[in-house]
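A.B. asks: The sequence and its predicted three-dimensional model are supplied below.
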Amino acid sequence: MEKDLGAELDITSLSSMVYEDLRRRLNSGLLRPGQFIDLSALGRELGMSRTPLRDAMIRLELEGFVTVYPRRGVMVRVLDLADIRDIYQIVGALESSVVERMSLRFRASDAERMDAFRGTMAESLAADDFDAYYSANLAFHDVYLGLSDNQDLVRSVRTLKERLYDFPRRSEFVKEWELDSTAEHAEIIGRLKAGDFRGAAAYIREVHWNFEVQERYIRTYYFAAGGPKR
């Protein structure tokens with residue numbers, strides 16, 4: 001029994017290694033949307049059997065990064081307009097639900113941290129440093145997500161954002177969109193400082209993560225340069 005448990009732990013560890021390696025390849029663009037993954041070649045490259053490869057692929061499929069086709073193989077999913085619309089609706093609903101319920105936990109120091117990240121976002125845009133902007137943007141939202149006890153919810157939000165932004169990671173940005181987004185972050189902070197948690201939640205859901213409100217920017221960012229099909 002101990003030997004079997006050890007083997008199971010080894011496979012789990014190997015599967016996690018494969019998973020992280022594939023995520024890195026997706027992020028860097030080594031694996032592109034629409035591309036089929038050669039599992040045999042990947043197994044030889046990593047020196048691993050098909051079991052950890054299969055387990056990693058199952059995890060990636062559950063998270064929406066790949067699609068497993070029986071007898072055809074594994075394809076990196078293309079992020080299309082319908083996917084983006086769905087993700088915006090889900091993230092807006094989940095993030096707003098956290099904000100509506102955090103009134104007893106939210107402190108003035110949390111608002112100050114959010115404002116500091118918003119300031120970093122503005123400074124990064126002025127310097128055309130999208131990587132710094134991106135990191136500060138995620139950190140802004142993580143301040144209030146970190147106040148949630150629902151870790152499954154938080155993991156779901158972060159995975160969905162990775163599908164939006166790290167599929168693969170883009171180096172360019174739509175500056176007008178990011179400027180508007182920074183102003184939206186200021187509005188969220190203002191409502192939270194006023195103790196209007198319900199209003200902040202509604203703004204997150206109905207403006208900041210509203211697909212129709214953001215659609216013109218979404219189309220420019222994802223599709224103007226010949227990206228995935230609409």
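C.D. replies: Nice, I can see it.
A.B. asks: dump the residue contacts of residue 99.
C.D. replies: With contact taken as CB atoms under 8 Å, 6 or more residues apart in numbering, residue 99 is in contact with 144, 192, 197, 200-201, 204. (C-beta placed from N, C-alpha, C; glycine too.)
A.B. asks: if I've got this straight, it is in a helix?
C.D. replies: Yes. Assigned with DSSP: H, G, I helix; E, B strand; the rest coil, residue 99 falls within a helix.
A.B. asks: Which helix or which strand is home to the nearest residue in space to it that is not next to it in sequence?
C.D. replies: Distances taken as CB to CB, 6 or more residues apart in numbering put residue 201 closest to residue 99, at 4.1 Å, once the chain neighbours are dropped. Applying DSSP states H and E as the criterion places residue 201 in helix 197-203.
A.B. asks: Find out how far that helix is from the centre of the chain, if you would.
C.D. replies: Its chain's average C-alpha position is 22 Å from that of helix 197-203, according to CA atoms, centre = their mean, to the nearest Å.
A.B. asks: residues in contact with it?
C.D. replies: Residues from elsewhere that reach helix 197-203, judged by CB under 8 Å, 6+ apart: 96-97, 99-100, 102-103, 106, 184, 187-188, 191-192.
A.B. asks: what's the farthest-apart pair in the residues you listed?
C.D. replies: Looking at those by CB to CB, the two members farthest from one another are 103 and 184, with 20.8 Å of separation.
A.B. asks: neighbour-wise, which of these two wins?
C.D. replies: Under the neighbour definition other CB atoms under 10 Å, residue 103 and residue 184 were set side by side, and residue 184 has more, 18 against 12.
A.B. asks: In contact with the more buried one, which residues are there?
C.D. replies: 203, 207-208.
A.B. asks: Let me have the residues you listed in TSV, adding pLDDT, neighbour count and distance to residue 127 as columns.
C.D. replies: As requested, these are exported to TSV (pLDDT from 0 to 100; neighbours: other CB atoms under 10 Å; distance: CB to CB, whole Å):
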residue	pLDDT	neighbour count	distance to residue 127
203	98	21	28
207	98	15	26
208	98	22	23
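A.B. asks: just curious, which of those residues is nearest to residue 134?
C.D. replies: For residue 134, the nearest member of these is residue 208. The distance, counting by CB to CB, is 15.8 Å.
A.B. asks: quick one: which helix or strand includes the nearest residue to the closest one once chain neighbours are set aside?
C.D. replies: With CB to CB, 6+ apart as the measure, residue 184 is the residue that lies nearest to residue 208, at 4.9 Å, once sequence neighbours are left out. Counting by DSSP H and E, the element that carries residue 184 is helix 175-193.
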